[in-house]
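Student: mind folding the following:
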Amino acid sequence: MIANLLRTETSENHKTLESLMFVNEIMNHTLSIDQYKKLLTINYIIHQKLENELSNMLDAGIAEELDMNSRLKLAALEKDMEYWQIDSLTLPGLDFELFVPQKNTGEVLGALYVLEGATLGGNVIKRHILANKHFEGHEAGLNYYGVYGEELSEKWKTFVSVLNKRVAEADYEACVKSANLTFNNLINLARQLN
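Tutor: Below is the predicted model:
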């Protein structure tokens with residue numbers, strides 16, 4: 001199954017990204033507001049550049065199976081950016097070439113695997129951020145990390161099911177490569193903004 005292969009083959013990039021995205025600070029409740037703003041900015045820029053494009057590349061049947069419109073996270077990120085007074089017009093341009101997959105089911109789903117996977121830990125991250133004294137009374141600025149709410153588990157199961165069903169074995173390599181290059185987009189942006 002491609003989902004298991006993706007998990008294994010992207011694990012190094014996943015660890016690298018976690019180290020750049022303040023995971024330790026989140027878990028031990030020492031994340032600062034500035035670090036959180038950096039997380040939001042990274043996620044906003046990547047979603048702003050990729051989310052609609054990936055959605056539009058999906059075969060209509062797959063988009064329907066995924067209920068893709070309910071998975072769009074840019075609006076939640078925009079609410080958070082506004083709450084924390086981060087002006088999207090002042091954000092830096094990328095100092096690297098952004099990877100955008102070809103219009104191929106395996107490649108698009110590989111890229112979406114990274115964006116959907118980032119949401120998977122959202123409820124846990126939100127709970128830890130809210131336990132941090134810096135974020136008391138700031139739940140209204142945590143829309144992205146709670147974007148799926150109680151539907152999180154079901155949405156992930158649906159995504160994995162569609163991924164396993166729709167990516168042909170001949171496209172496994174392209175799917176994994178796309179996921180790793182999408183991780184690299186996030187890693188490169190996190191490094192640029194640090």
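Student: dihedrals phi and psi, residue 104?
Tutor: Backbone torsions of residue 104, given as degrees, to the nearest 10, read phi -140, psi 130.
Student: helix or strand right after the helix ranked longest in the chain?
Tutor: Criterion DSSP state H: the longest helix present in the chain is helix 33-57. The helix or strand immediately downstream of helix 33-57 is helix 60-66, counting by DSSP states H and E.
Student: which element follows that next one toward the C-terminus?
Tutor: Taking DSSP H and E, what comes next after helix 60-66 is helix 74-83.
Student: hang on, residue 101 packs against residue 179?
Tutor: No - counting by C-beta atoms under 8 Å, residue 101 stays clear of residue 179, with 9.4 Å between them. Bear in mind the C-beta positions are built from the backbone N, C-alpha and C, glycine included.
Student: more neighbours: which of those two?
Tutor: residue 179 (29 against 24; other C-beta atoms under 10 Å).
Student: how about the more buried one: what's its closest non-neighbour residue?
Tutor: residue 110 (4.0 Å; C-beta to C-beta, 6 or more residues apart in numbering).
Student: got a list of what that neighbour touches?
Tutor: 6, 101, 167, 174-179, 182 (C-beta atoms under 8 Å, 6 or more residues apart in numbering).
Student: so the helix or strand of the chain with the lowest mean pLDDT versus helix 74-83, what angle?
Tutor: Ranking every helix and strand in the chain by mean pLDDT, DSSP states H and E puts helix 122-130 at the bottom, with a mean of 93. Helix 122-130 and helix 74-83 are oriented at 10 degrees to each other (axes from the mean of the first three to the mean of the last three C-alpha atoms, to 10 degrees).
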